[in-house]
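Novice: with the input below, show me the fold.
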Amino acid sequence: MSPEHGARRSRVIMVEPALTQLTKLTASETHRLDRAIVAISANPELGAPVPGTLLRDYTDDVDGVRVIFYVTAFQTITIVAYVEA
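Specialist: Residues are numbered from 1 along each chain as shown. Prediction:
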């Protein structure tokens, strides 16, 4: 990796329930959520595994954001299933 570039981030996709939840958020909530999603895309191991599933549950207590997501096998795509801000 060249010094000009940081680590590669995964591409983030939101499924329908998350998109519906997103439309109900204020601009401030969307901004806080965006920071959490950027953090997850840079480090897909954030959050706690949900037992018995491929899901991870990430909560940022500072921004008051919760994201439930899973990452594809090669960690190139993060699929967001639920958002809360």
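Novice: next, the residue nearest in space to the middle of the chain: secondary structure please.
Specialist: When the chain is reduced to its mean C-alpha position, the closest residue under C-alpha atoms, centre = their mean turns out to be Ile37, at 3.7 Å. With DSSP: H, G, I helix; E, B strand; the rest coil as the basis, Ile37 sits in helix.
Novice: would you check how far apart it and Val80 are?
Specialist: Using C-beta to C-beta, to the nearest Å, Ile37 is found at 7 Å from Val80. Glycine gets a C-beta too; all of them are placed from N, C-alpha and C.
Novice: for these two, list the residues in contact with both.
Specialist: Common contacts of Ile37 and Val80, defined by C-beta atoms under 8 Å, 6 or more residues apart in numbering, comprise Val12, Val67.
Novice: residues touching the residue nearest to the centre of the chain, list them.
Specialist: Per C-beta under 8 Å, 6+ apart, neighbours of Ile37: Val12, Val67, Thr78, Val80.
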